[in-house]
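>>> how would this look folded up:
(2 chains, ligands or ions: 2)
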Amino acid sequence: MPSHDFLPSEQPVQLLDQDGRRVEDPEHEFPADEAMLRAHEALVVGRRVNEQAYALVRQGRLAVYPSSYGQEACEVAAALVLADQDWLFPTYRDVVSIIGRGVDPVETLTLLKGDWHCGYDPTEHRVAPQTTPLATQLIHAVGVAHAATLRGEDTVVMAMCGDGATSEGDFHEALNFAAVFKAPVVFFVQNNEYAISVPLARQTVAPSLAHKAVGYGMPGERVDGNDVAALLSVLGTAVDAARSGAGPSLVEAHTYRMQAHTNADDATRYRQDDEVEKWQGRDPLLRSEAYLTGRGLLTDERSASISARAEAVATVMRDGLMQDVAPDPADLFDHVYATPTPQLREQAAFLADELSREGVS
Amino acid sequence: MAEHEKITMAQAFNQALRDAMTADESVLMFGEDVGALGGVFRVTDGLNAEFGDARCFDTPLAESGIMGLAVGLAMNGMRPVVEMQFDAFAYPAFEQIVSHVAKMRNRTRGALTMPITIRVPYAGGIGGVEHHCDSSEAYYAHTPGLTVVAPATVADAYTLMRGAIASPDPVVVLEPKKLYWSKDEVDLDEAQPGIGRAVVRREGTDATLIAYGTSVPIALEAADAAAAEGRSLQVVDVRSIVPFDDETVCAAVRSTGRAVVVAEAAGFASVSSEIVARVTERCFHHLAAPVRRVTGFDIPYPPPKLEHLHLPSVDRVLDAVDDLQWDDV
Ligand SMILES: Cc1ncc(C[n+]2csc(CCOP(=O)(O)OP(=O)(O)O)c2C)c(N)n1
Ligand SMILES: [Mg+2]
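Residues are numbered from 1 along each chain as shown, chains lettered A, B, ... in the order given. Ligands and ions are numbered 1, 2, ... in the order given. Modelled structure (predicted):
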């Protein structure tokens, strides 16, 4: 394949403009009405999840929350384009994607609540544990995909990371491995302009992050990260290509982190409010809502049922997180090895004894 | 006893890999130059030809990538065996090992497990230039979730490798480069103690030498030399650094009342210091002298022309034994 075929478009693919009007683009298929309605519903739920999580942090119920507020279109599209047999590899910021894949919201938030590390069974919905060491999960995604290829299975893997993570060595190793093994992986970068406080200009001087694909011999594409229609289209095409045996690709979504890195961060130290305001008008929810309303698809009934679903998810989160489930100290020793070593058995007995004496006194 | 051909330790590792791959289709062997070449030490010799590109293959040159690929393969039902070409070239894989290989079971409360074998040709004594002779066992042994073994005999090379591949948990197999070409006549089918067990290699009554990997032959040689001088030294081969066999090691030390730990890694914050601490905590009232250590110096591994000054030698071991307060009794 000539290398120019790997090059991303000059501008990010956009199918809906800021006001929710369709942008003509003969190369990218616009999603069907029902797909748009489902995506809008997921967006409303995703926004509600972010708002509820923010409230739960303030109530001391979550230790920390890296919000995807403003990035929900990326979050929901990444989950929606996958089939049951596919895998999703999320980062710490991708709670909305994980819930979108069907994982229980309370189990999803276990890590950020602090009861355990990963609170869900990754094999149940084929969602890897949320990964914090940047970019390290991308290479696991290649391994999962390669195992599927070796067994002749029809699995595609969606491997997510942020713009900052593209500077890590594992980003490079993962893309190169995927290309060499022709692994069915879609690398999906949410470029939200910041890695904590550090702007993209400090990470790279490449024309775009999607351009990096060319160096690995795979196609790169850029997409408006606040346009759920464009995301469904571009990511859907990438997943289809991977499934058909065409190998991996890289998709960069251009979006913006509307809130601080986490609740513990102070974004005023490194960026101006007017920059944030500029992005408020590009909210992904406003766009899909305007489009669907304009087409008469978002009836009052549908709107009400969507809101009800979002409220139901928020209620599940609140109820689940308001409960104090005492973590089991035995868990500390039970899962280090399949069979605890003699040394761990001694240490478990020591702790059990200590706790029993504390309980008595 | 049936006659058996003499084979080298490298051949024993090779046979273990071949037998494990034959027994279980999910076992995959990959790394750098492990395909057509058969590995720079020939440990994977013939596996690519026998099992094909899908089962034994070369990867791009990237150790973190190799280890991360193993994590993903293990998440999806495979039993990967990876070769790190040399001890000091495993460091790029360290983050994947520490943050994922070692923690995945714990992170997911057993929902995802990592039956991965990490083969690391380790240690010196081969005249290798910089970055080819590190003893990196302490890094791995310090990481909860990893099992770490260091075979010293041809029979153990086979047994511990089979055990590692069969293990439901990740195992680092430290392959002593210096001993790859050591030969022995062994019956590979004969059951050896598994991972987690130390063995007494030589009986003795006056003092116990505790060693693993490359240091076991030194300890045995020292015991021979001591015997000629009328001192009876027992030799314990640790074999399994993690889990550590406190029971066997401590029973041995209690039986003699004196101990020297021999290991070529730098001594500071090392496996040898851990062994001294464990033995002292558990055997204090049986000890006639403080437990001594013979280790490498706390220096970067020296160049070939100086390595003999760094490595534990028979003489140093005998000097340490002489120092075990024999006159105080
Ligand atoms: C290997 C590693 N180094 C540093 C960190 C600390 N850290 C956490 S998030 C982050 C910024 C990542 O930015 P980006 O990849 O753009 O993702 P975003 O947080 O914007 O979603 C940093 C530096 C980490 N988690 N892992
Ligand atoms: Mg970012």
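>>> Could you chop the chain up by domain?
You didn't say which chain, so I picked chain A. Domain assignment for chain A, taken from automatic domain parsing, gives A:3-326, A:328-361.
>>> oops, chain B please
What automatic domain parsing lists as the domains of chain B is B:6-185, B:199-328.
>>> Nearest approach to ligand 1 belongs to which of those?
For ligand 1, the closest of these is domain B:6-185, at 7.3 Å, according to CB to the nearest ligand atom. Where you see a C-beta, it was placed from the backbone N, CA and C, and this is true even at glycine.
>>> Out of the domains of chain A, name the one with the poorest average pLDDT.
Of all those, mean pLDDT reaches its minimum on domain A:328-361 (a mean of 93).
>>> picking that back up, which of the domains of chain B sits closest to chain A?
Chain A lies closest to domain B:6-185 among the domains of chain B, at 1.9 Å (CB to the nearest CB).
>>> Which strands or helices does the longest strand along chain B pack on?
For chain B, the longest strand by residue count, based on DSSP state E, is strand B:259-266. Strand B:259-266 is packed against strand B:207-211, helix B:215-228, helix B:271-283, strand B:292-296, helix B:314-322, with contacts defined by 3 or more CB pairs under 8 Å, 6 or more residues apart in numbering or on different chains; DSSP states H and E.
>>> what's next to stretch A:103-115, contact-wise?
For stretch A:103-115, contacts defined as CB atoms under 8 Å, 6 or more residues apart in numbering or on different chains pick out A:49, A:53, A:56, A:61-65, A:92, A:95, A:98-99, A:116-120, A:124-125, A:127, A:129-130, A:313, A:316-317, A:320-321, A:325, A:327.
>>> run the last query once more with 6 Å
Under the contact criterion CB atoms under 6 Å, 6 or more residues apart in numbering or on different chains, stretch A:103-115 has outside partners A:62-65, A:95, A:98-99, A:116-117, A:119-120, A:125, A:127, A:130, A:313, A:316-317, A:320, A:327.
>>> Span of that stretch from start to end?
17 Å (CA to CA, to the nearest Å).
>>> Tell me which residues of that stretch come out buried.
Using 16 or more other CB atoms under 10 Å in any protein chain shown as the test for burial, stretch A:103-115 gives A:V103, A:D104, A:P105, A:V106, A:E107, A:T108, A:L109, A:T110, A:L111, A:L112, A:K113, A:D115.
>>> now do stretch B:267-275
B:G267, B:S270, B:V271, B:S272, B:S273, B:E274, B:I275.
>>> Number of residues surrounding whichever residue of chain A sits closest to ligand 2?
Nearest residue of chain A to ligand 2 (CB to the ion) works out as A:G162 at 3.7 Å. Number of residues near A:G162 (other CB atoms under 10 Å in any protein chain shown) recorded here: 24.
>>> correct me, but A:V186 touches A:M158?
Yes: the criterion here is CB atoms under 6 Å, and A:V186 meets it with A:M158 at 5.2 Å.
>>> tell me the mean pLDDT for stretch B:176-191?
For stretch B:176-191, the mean per-residue pLDDT is 94.
>>> go on, stretch B:56-63?
pLDDT averaged over stretch B:56-63 gives 98.
>>> And it, end to end?
One end of stretch B:56-63 sits 16 Å from the other (CA to CA).
>>> buried ones in it?
Within stretch B:56-63, the residues that qualify as buried are B:C56, B:F57, B:D58, B:T59, B:A62, B:E63, counting by 16+ other CB under 10 Å.
>>> wait, which of the residues you listed is closest to A:L344?
Set against A:L344, the nearest of those by CB to CB is B:E63 (28.9 Å).
>>> Out of the buried residues of stretch A:103-115, which sit inside strands?
When the buried residues of stretch A:103-115 are checked against strands using DSSP E, none is located there.
>>> Tell me which residue lies nearest the centroid of the chain.
No chain specified, so I'll use chain A. Residue closest to the average C-alpha location in chain A (CA atoms, centre = their mean): A:D94, at 3.2 Å.
>>> Actually, chain B is the one I wanted.
Central residue of chain B (CA atoms, centre = their mean): B:A150, 1.3 Å from the mean position.
>>> Now do it against B:V172, distance only.
Distance of B:A150 to B:V172, computed by CB to CB, to the nearest Å: 9 Å.
>>> Please apply the same query to A:A148.
Applying CB to CB, the value for A:A148 to B:V172 is 27 Å.
>>> Among those two, which residue is more densely surrounded?
More crowded of A:A148 and B:V172, by other CB under 10 Å: B:V172, with 29 against 23.
>>> would you say that one is within a strand?
Yes: counting by DSSP: H, G, I helix; E, B strand; the rest coil, B:V172 falls inside a strand.
>>> related to what we said a few turns ago, filter the contacts of stretch A:103-115 to the buried ones?
Buried subset of the contacts of stretch A:103-115 (neighbour count, 16+ other CB under 10 Å): A:62, A:64-65, A:95, A:98-99, A:116-117, A:119-120, A:125, A:127, A:130, A:313, A:316-317, A:320.
>>> Do you have the helices of chain B handy? List them.
Under the criterion DSSP state H, chain B carries helices at the ranges B:9-23, B:47-51, B:63-75, B:94-96, B:104-107, B:137-141, B:154-166, B:215-228, B:246-256, B:271-283, B:307-310, B:314-322.
>>> Run the chain-centre distance for the first one.
When you say that, I think you mean helix B:9-23. 17 Å (CA atoms, centre = their mean, to the nearest Å).
>>> by how many degrees do it and helix B:154-166 diverge?
For helix B:9-23 against helix B:154-166, the angle by axes from the mean of the first three to the mean of the last three CA atoms, to 10 degrees is 30 degrees.
>>> Show me which residues of helix B:9-23 are buried.
Of all the residues in helix B:9-23, those buried under the rule 16+ other CB under 10 Å are B:9-21.
>>> what's that helix packed up against?
With contacts taken as 3 or more CB pairs under 6 Å, 6 or more residues apart in numbering or on different chains; DSSP states H and E, helix B:9-23 sits against strand B:27-31, helix B:154-166.
>>> thinking again about what came up before, apart from its chain neighbours, what residue comes closest to the residue of chain A closest to ligand 2?
In space, and not counting its chain neighbours, A:G162 is closest to A:Q190: 5.7 Å by CB to CB, 6 or more residues apart in numbering or on different chains.
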